[in-house]
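Colleague: Sequence isn't available, so here's the structure alone:
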């Protein structure tokens, strides 16, 4: 596929479509759009132009232009992604939805919110909390990420074990196709089998099949009560071994079962200047139980706590008020950020395995860590089998050595994950970062079907090219 | 598209693949495969041959043969469908999965079951109940339908308001593509964003994109307590008007909110020789609350009951033991069957609207009923906005008149449903029955994207052709 460069005439046309204030060509300003939260030097790439359209119609016109002139176009949310999905790896146009940030309607009667893709996820909850509602998606980047990015990646997060991931709550989408056509998929109905489920196909397609310009999101009644348990274990093995037991043994589905090894907790606590009692423990589980009945929630939490104590937990701390709950969760949410400060050279992974196989993953990480002499702190959504093992560059290696080690270690990790019935991404997506490894977990037939869909939607391959897989 | 007939050589080849006992050519025996639960005279069509393969490999070979020789192939489950999805409208091969009915594995550690498509849905629950688990899909035909059909239609049912529809529980699929290739999608992991979500695309695609040959289904802990409320209202309007209030007002999500008008209850009661107190009421709601705490469930049920009484309910009957619960639900489950006995000439509809718009649907039904002088009994999953309005032929009309009235009345009903933000099928699917009306609810752009996907998967259009939409 040969793309055309962004010419002076292209810029003029973009200005005509969106106005001068929405077209950025200044290199310094464009730099912020050249990377996401993956290491910039390794995965970053400069756009030729950035546009920040304000309406669906403008987006449709821009996409039509790109499609006509064979210019790659990369949709972008908050740039908080962890797989390079929003990086313009072939240059061209970056289309940022930052100015498409209106909440269009809060429909209490249908318990839905209609919004544009540039709304920050947490804002949804702030807007609807007073009416006793909430959006059950809860990515760890909830304070910065956009709804549009959540949809593009089908973001998971801390409450997925009970509430599922983003896609479960997306009832309707307005999408600009790679041909620049506007299409509405789904609506304010909670059931719909009218033909193929194009809405779910768009969700998680990482902006390669179209640009989401509007979404209808289902809200749930906000549980009135919750308890968080911070449970200390002597080592990683006993903490992780507990996860499948909780799920099958406690006969309740917790809202969250988050896992953090000692290094993760320590690093985040130091970053936040927070004092959790991590010294005693080799690993921790953070378990949340929610519900609408205080007694029930307390009983459930007690049951889970006792189950853990009966199975080797050192101590169970109960956080049952907002302040302590927020402190504990803040530690969990900030691990990735904290690690970036400590070491910029790392590979934050997103592997996922069947829950019963989580314990089997630990020796794999240990083996890889020893073999390549790298640290692999680990944390994540253990209740989903989704672990953010993070390969950290050994300070003694050169960058060249590190890239080689990273590639080899990832290959081994992914192979082992696959052997356990898992895959290479539970919620961060493939993007450009994991594209080279797609063939290690997806069969040729599966990949070919994906390619065929991509070609059917985007014959010119202008929409976020270089992501997920290459077209052959 | 020109198809080739099933020749003598085709039959020989099929016998070679699956053995003689699995190839049916006898007209009398094939008759059972010529229709589903839609009126046979109107929608039925004879196959040229029926095969009942026993393995995935046999299915792959049969599909390869069909694709090579351009013979249409129609996958079939229990034949309990309500949209003509399993009817071989172009003749050719019917591929019944009735002999693919093994439960391959019950994996308690991952709370999943692995099974073949011919397993009867209820059997899953029977198998896992002793371990305190259940499959949360609950189509009304649970006692006869196959899991494969549930997946093909993305079946909904009586518990969707709380538990969602079939697709939420399908973690993995083995599929034979229209080219006869075997592909595994997903697996025993609860999160997965490795490329496009082909699994969800197959779910609900009505057997037009491939044949499901194996499924991995997630189970949930079986709630320990439940209460059913049968709530009598003086008329349809007051019952239906209650639905959005319960959902937004009671701050709990009931397991079910089923609606039945008087005629539906009466017809089913007479069919079952059951005595529910329907004489007093113009309409009823059947509301189920489940949970793991008896007190909480009772309190929730009480709250819902009181809310209804405060808003004009005549009476609230509580069914809190298995026998009465089963009796009440049996009445609800058997409405469709009962109506078929009363009048074979009817159109069982499956419209769905936003829950807040359910009350607005009632005057529409009344208007259409008056205009065409037909009865339209109505029942369904009101909690999802999914109503099975049923157009019944006036005994005084000729069949010719009825077909004309049916078409006109459906057009009006669908148009009104669309205007309310709804669509023409919430759970039964489009199949051949609703295909002529797809354009009334799907935009040209959306339909074109669906067609492109179909062509990408099945360029020869051999896999269940004549369903959902026509290729242009």
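Modeller: Looks like it came in fine. Note that the coordinates shown come from a computational prediction; the quantities given were computed from them, not determined experimentally.
Colleague: Count residues in the vicinity of the closest residue to chain B within the stretch 1-150 of chain A, would you?
Modeller: With Cβ to the nearest Cβ as the measure, residue A:109 is the residue of the stretch 1-150 of chain A nearest to chain B, at 3.6 Å. Backbone N, C-alpha and C define where each C-beta goes, glycine included. Neighbour count of residue A:109, defined by other Cβ atoms under 10 Å in any protein chain shown: 14.
Colleague: Going along the chain, name the strands of the stretch 101-250 of chain A.
Modeller: A:103-107, A:112-115, A:133-134, A:170-176, A:182-186, A:211-218, A:220-221, A:225-233 (DSSP state E, counting those that start in this stretch).
Colleague: and the residue of the stretch 1-150 of chain A closest to chain B, backbone torsions?
Modeller: Reported as degrees, to the nearest 10, the phi and psi values for residue A:109 are phi -70, psi -30.
Colleague: which ones are touching it?
Modeller: B:244, B:248, B:355, B:356 (Cβ atoms under 8 Å, 6 or more residues apart in numbering or on different chains).
Colleague: burial count for the residue lying closest to the third one once chain neighbours are set aside?
Modeller: Read it as residue B:355. Excluding the flanking residues, the one nearest residue B:355 by Cβ to Cβ, 6 or more residues apart in numbering or on different chains is residue B:385, at 4.6 Å. Other residues within reach of residue B:385, judged by other Cβ under 10 Å, total 30.
Colleague: Report the buried residues of the longest helix anywhere in chain A.
Modeller: Secondary structure assigned by DSSP state H gives helix A:399-419 as the longest helix of chain A. Along helix A:399-419, these residues count as buried under the neighbour rule (16 or more other Cβ atoms under 10 Å in any protein chain shown): A:402, A:405, A:406, A:409, A:410, A:413, A:414, A:416, A:417, A:418.
Colleague: Show me what that helix is in contact with.
Modeller: If you take Cβ under 8 Å, 6+ apart as the criterion, helix A:399-419 is touched by A:42, A:345, A:347, A:349, A:351-353, A:361, A:364-365, A:368, A:371-372, A:374, A:389, A:391, A:393-394, A:397, A:423-424, A:437, A:440-441.
Colleague: go on, stretch A:297-306?
Modeller: Residues from elsewhere that reach stretch A:297-306, judged by Cβ under 8 Å, 6+ apart: A:225-227, A:229, A:231, A:246, A:250, A:252, A:254, A:287, A:289-291, A:313, A:316, A:318, B:293.
Colleague: What ranges in chain A fall below the confidence cut-off?
Modeller: Within chain A, the stretches with pLDDT under 70 are A:1.
Colleague: May I see the domains of it written out as residue ranges?
Modeller: A:8-98, A:106-221, A:225-335, A:343-429 (automatic domain parsing).
Colleague: deepest of those domains, which one?
Modeller: domain A:106-221 (a mean of 23; mean count of other Cβ atoms under 10 Å in any protein chain shown).
Colleague: now that domain, how far from the centre of its chain.
Modeller: Computed by Cα atoms, centre = their mean, to the nearest Å, the chain-centroid distance of domain A:106-221 equals 13 Å.
Colleague: mind checking the SS state of the nearest residue to residue A:376 once chain neighbours are set aside?
Modeller: Sequence neighbours aside, residue A:369 is the residue nearest to residue A:376 in space, at 4.6 Å (criterion: Cβ to Cβ, 6+ apart). Assigned with DSSP: H, G, I helix; E, B strand; the rest coil, residue A:369 falls in the helix class.
Colleague: could you pick out which of the contacts of helix A:399-419 are near chain B?
Modeller: Residues of these in contact with chain B (Cβ under 8 Å from any Cβ of the partner chain): A:352, A:353, A:423, A:424, A:441.
Colleague: Show only the entries of the residues you listed found in helices.
Modeller: residue A:441.
Colleague: and the ones next to chain B among the contacts of helix A:399-419 as CSV, adding distance to residue A:381?
Modeller: Output for these, formatted as CSV (distance: Cβ to Cβ, whole Å):
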residue, distance to residue A:381
A:352, 9
A:353, 12
A:423, 14
A:424, 15
A:441, 19
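Colleague: In the ones next to chain B among the contacts of helix A:399-419, find the pair that's most separated.
Modeller: A:353 and A:441 (11.7 Å; Cβ to Cβ).
Colleague: Quick check: of the contacts of residue A:109, which lies closest to residue A:262?
Modeller: Ranked by distance to residue A:262 (Cβ to Cβ), the contacts of residue A:109 are led by residue B:248 at 45.2 Å.
Colleague: My read is that the closest one contacts residue A:108, right?
Modeller: Yes - with contacts defined as Cβ atoms under 8 Å, residue B:248 counts as touching residue A:108 at a distance of 6.4 Å.
Colleague: For residue A:79, what is the enclosing helix or strand?
Modeller: If you go by DSSP states H and E, residue A:79 is not part of any helix or strand.
Colleague: Quick one: name the residues of the stretch 1-150 of chain A near chain B.
Modeller: Neighbours of chain B within the stretch 1-150 of chain A, by Cβ under 8 Å from any Cβ: A:107, A:108, A:109, A:110, A:111, A:112, A:132.
Colleague: Next up, phi/psi of the fourth one, please.
Modeller: Think residue A:110. Per-residue torsions, residue A:110: phi -100, psi 0 (degrees, to the nearest 10).
Colleague: mind listing what it touches?
Modeller: A:188, B:244, B:354, B:355, B:356.
Colleague: And the second one, by the same measure?
Modeller: Under the criterion of Cβ under 8 Å, 6+ apart, the contact partners of residue A:108 comprise A:131, A:133, B:248.
Colleague: ok, of those residues, which one's closest to residue A:34?
Modeller: residue A:133 (37.6 Å).
Colleague: my read: the closest one touches residue A:220, true?
Modeller: Yes - counting by Cβ under 8 Å, residue A:133 does reach residue A:220; the two are 6.7 Å apart.
Colleague: Can you work out which residues contact both of those two?
Modeller: residue A:111.
Colleague: From one end of stretch A:413-427 to the other, what's the distance?
Modeller: Its start and end residues considered, stretch A:413-427 measures 17 Å (Cα to Cα, to the nearest Å).
Colleague: Please state the offset of it from the chain centre?
Modeller: That offset, for stretch A:413-427, works out to 17 Å (Cα atoms, centre = their mean).
Colleague: cool, and stretch A:219-231?
Modeller: How far stretch A:219-231 lies from its chain's middle: 22 Å, per Cα atoms, centre = their mean.
Colleague: Tell me who's in contact with the spatially closest residue to residue A:169 that is not a sequence neighbour.
Modeller: Counting by Cβ to Cβ, 6+ apart, residue A:169 lies nearest to residue A:218, which is 4.6 Å off, once chain neighbours are set aside. Contacts for residue A:218 were tallied using Cβ under 8 Å, 6+ apart; they are A:111, A:112, A:168, A:169, A:170, A:171, A:190.
Colleague: Kindly report the same for residue A:121.
Modeller: Applying Cβ under 8 Å, 6+ apart to residue A:121 gives the contacts A:135, A:137, A:139, A:141, A:142, A:143, A:145, A:146, A:147, A:150.
Colleague: where's the residue nearest to it when sequence neighbours are not counted relative to residue A:132, distance?
Modeller: Of all residues not flanking residue A:121 in the chain, residue A:142 sits nearest, at 4.9 Å (Cβ to Cβ, 6+ apart). For residue A:142, the distance to residue A:132 (Cβ to Cβ, to the nearest Å) stands at 19 Å.
Colleague: Ok, residue A:451 next?
Modeller: For residue A:451 relative to residue A:132 (Cβ to Cβ), the value is 46 Å.
Colleague: repeat for residue A:403
Modeller: Distance of residue A:403 to residue A:132, given as Cβ to Cβ: 50 Å.
Colleague: what does residue A:17 give?
Modeller: According to Cβ to Cβ, residue A:17 and residue A:132 sit 42 Å apart.
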